[in-house]
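Novice: Requesting a structural model of the entry that follows:
(2 chains)
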Number of protein chains: 2
Amino acid sequence: MSFSGAESFRKSSPVDTEWIERELSAFLERARSQEESRPIVCVTSGGTTVPLERNCVRFIDNFSKGTRGALSAEQFLKARGMVHCAGYSVIFLSRTGSLLPFLSECQEDMATAFSVSGPGELQVSALAEALRTFHSCTEDPGTFLHVPFTTVFEYVQYLEVIARRLASHGRLALFYLAAAVSDYYIPWAEMVEHKISGAGPLVLELQKVPKLLGELTSVWAPHATVVSFKLETDEEVLLTKAKAAIQKYGVDAVLANELHSRKERVTLLVRAGEGRAAPIHCSVLRLDPSAPPGSVIEEQLVGAVVDLHRQRSRR
Amino acid sequence: MSFSGAESFRKSSPVDTEWIERELSAFLERARSQEESRPIVCVTSGGTTVPLERNCVRFIDNFSKGTRGALSAEQFLKARGMVHCAGYSVIFLSRTGSLLPFLSECQEDMATAFSVSGPGELQVSALAEALRTFHSCTEDPGTFLHVPFTTVFEYVQYLEVIARRLASHGRLALFYLAAAVSDYYIPWAEMVEHKISGAGPLVLELQKVPKLLGELTSVWAPHATVVSFKLETDEEVLLTKAKAAIQKYGVDAVLANELHSRKERVTLLVRAGEGRAAPIHCSVLRLDPSAPPGSVIEEQLVGAVVDLHRQRSRR
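Specialist: Now for the predicted structure:
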């Protein structure tokens, strides 16, 4: 298998990864010192940008605010300390400024964060409670590491650093790839120095971002369980593409969702057996319409993925 | 002069403008009932998006957070009620979710908004004070109207509605165009329905957004004073382009700024006389390095623009 596309993508943009190597070492050491067999998940979240100029004024972006990733990371963290449950260490690779676990509701809605307690007085207990929970994770050694990215170049290279490092955790490692990663990019060498301008129409030639999922499953962390996401706006192509991700890149499962129904309904496709040609099992996860307010479908997504990881890591 | 480009741009995307017509009518009626000769400024702020798909997952965006526009609107609003000063009504046409006047510092920095007053207790007086000032403007009839936009289609069509309506205010109307408007767009007719995908490279053909400044100064609101902004990353082309905006589109002045120095230094170019061939006067506005903390260059920008508007509206 050739990764020349990946190689040229990597070379096409200058990204500093030294700081994350350092933070990751310290984090994993703390996680291990607590419990040798603690499972660890890398949750990716939010959209990547594709710069159009080196002195970047304009970029291609994605609508994602990181809701799925933040709510899912919460579920992995909630498992911590409970009986018979996974107790994951979470590496949260998310877009700068996107939503954070436990804080997303307050980040999105001031009316959740604050209420008025009297004339000129704000009641901040909802925000304080959310912050308390968030900090109980970030301050618990080896439990939560936040790695923020902005561009697609940063995302891919940070993910590679994390994956190669987690390779030594073998089957205890899980990748839950909820980030909305651009499929296209402009190589640094072809990028203009200054803000694009000119009289006529603009033709942008974007290269395909190499599908690094294949590298992740076969080279970077071959024993890890890898679950990727597929989002489409066209229901008809969604499942076909989701299956192709399993067959082409050898991921263990795909969570397939359609833009408009993504908060209520997600299809889980699981590779049932070894090898890329193994049969694929489909099941539909739905948010129960009678569930109490505040319920989110991520409880079911993470529940199903944790079960899958448990089976896979027992093999 | 032909505006066929403008016509085809307008037709290329479905935008509802009825709600803004309604809000604008009510706002202008309240503003007029207070004082017949009250000047009125339309401040535009933040970046526009360019959707790449009709079911929009991806879009081109701009780095702008709307700092310049928010801080400038503040300055126009601060003039309210002071002796010998303009007392502007402000229409704030800004990107959804971008910074707001008086609130921008708290929006950007939680450490400004909140401080800790005791164990488990938050001091919220900075945020409360900012909200008080903001609401004193929004609740003062005819003083502040917020019109949010997201796409470049919405921006252009909302601006046209506002400008045509302000035409009846003649020389009392001022346009202060700080928004970072995309120069390129994909026409609705050429836009794909669903999320772009495919195996090969992606070629995006973007059309030039018609320069609507010429329509604004000559058709929509011909007696208004119009001040536009020019941002470049290359100092060498900045002033040439700024002059061209005066000569081509007949704006009264351009505030020219370079990406990296834009918070400390802005060049003001003013058309000194009638007609597009009139001489152009240049002056450099700088933030005084010894100014007290919290000082912003927008004080000088708005001061200079208010002076210019006063001269122009006396003609």
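Novice: Check whether A:Leu177 really touches A:Lys230, as I assumed.
Specialist: No: the pair A:Leu177 / A:Lys230 is not scored as a contact, 10.1 Å apart, by Cβ atoms under 8 Å. From N, CA and C alone the C-beta is placed, and that goes for glycine too.
Novice: quick one, what contacts A:Val181?
Specialist: Applying Cβ atoms under 8 Å, 6 or more residues apart in numbering or on different chains, we find A:Val181 in contact with A:Thr44, A:Gly47, A:Thr48, A:Val152, A:Tyr155, A:Val156, A:Val209.
Novice: where do the helices sit along the stretch 1-150 of chain A?
Specialist: Applying DSSP state H, counting those that start in this stretch to the stretch 1-150 of chain A gives helices spanning A:4-11, A:18-34, A:67-78, A:104-108, A:110-113, A:125-138.
Novice: Next, the buried residues of the longest one.
Specialist: Along helix A:18-34, these residues count as buried under the neighbour rule (16 or more other Cβ atoms under 10 Å in any protein chain shown): A:Ile20, A:Leu24, A:Phe27, A:Leu28, A:Ala31, A:Arg32.
Novice: shaky segments in the stretch 101-250 of chain A?
Specialist: A:118-121 (pLDDT under 70).
Novice: Close to chain B: what parts of it are there?
Specialist: Taking Cβ under 8 Å from any Cβ of the partner chain, the part of the stretch 101-250 of chain A that reaches chain B is made up of A:120, A:122, A:124, A:127-128, A:180, A:182-184, A:193-197, A:199-208, A:231-234, A:237, A:241.
Novice: In strands, which of these fall?
Specialist: Mapping those onto strands (DSSP state E) picks out A:Leu122, A:Tyr184, A:Leu202, A:Val203, A:Leu204, A:Glu205, A:Leu206, A:Gln207, A:Lys208, A:Leu231, A:Glu232.
Novice: give me the number of residues near whichever residue of the stretch 1-150 of chain A sits closest to chain B?
Specialist: Residue nearest to chain B within the stretch 1-150 of chain A: A:Asn55 (3.8 Å; Cβ to the nearest Cβ). Neighbourhood size, A:Asn55 [other Cβ atoms under 10 Å in any protein chain shown]: 16.
Novice: re earlier: compare the helices of the stretch 1-150 of chain A and report which one is nearest to B:Leu268.
Specialist: helix A:110-113 (37.0 Å; Cβ to Cβ).
Novice: which parts of that closest one are buried?
Specialist: By neighbour count on 16+ other Cβ under 10 Å, the buried set for helix A:110-113 is A:Ala113.
Novice: Could you check how far it is from the centre of its chain?
Specialist: Offset of helix A:110-113 from its chain centre (Cα atoms, centre = their mean, to the nearest Å): 26 Å.
Novice: and that helix, what other elements does it pack with?
Specialist: With contacts taken as 3 or more Cβ pairs under 8 Å, 6 or more residues apart in numbering or on different chains; DSSP states H and E, helix A:110-113 sits against helix A:104-108, helix A:125-138.
Novice: Can you give the contact residues for that helix?
Specialist: A:Glu105, A:Cys106, A:Val124, A:Ala126, A:Leu127, A:Ala130.
Novice: Please apply the same query to stretch A:260-268.
Specialist: With Cβ under 8 Å, 6+ apart, stretch A:260-268 has contacts from A:68, A:231, A:233, A:238-239, A:242, A:253-258, A:282-287, A:296-297, A:300-301, A:304.
Novice: Excluding covalently adjacent residues, which one is nearest to A:Thr133?
Specialist: Nearest-residue entry for A:Thr133: A:Phe102, 4.5 Å, with adjacent residues in sequence omitted and distances by Cβ to Cβ, 6 or more residues apart in numbering or on different chains.
Novice: same question, A:Glu160
Specialist: Excluding the flanking residues, the one nearest A:Glu160 by Cβ to Cβ, 6+ apart is A:Trp220, at 6.0 Å.
Novice: give the contact list for the one you found.
Specialist: By Cβ under 8 Å, 6+ apart, the residues touching A:Trp220 are A:Glu160, A:Ala163, A:Arg164, A:Ala167.
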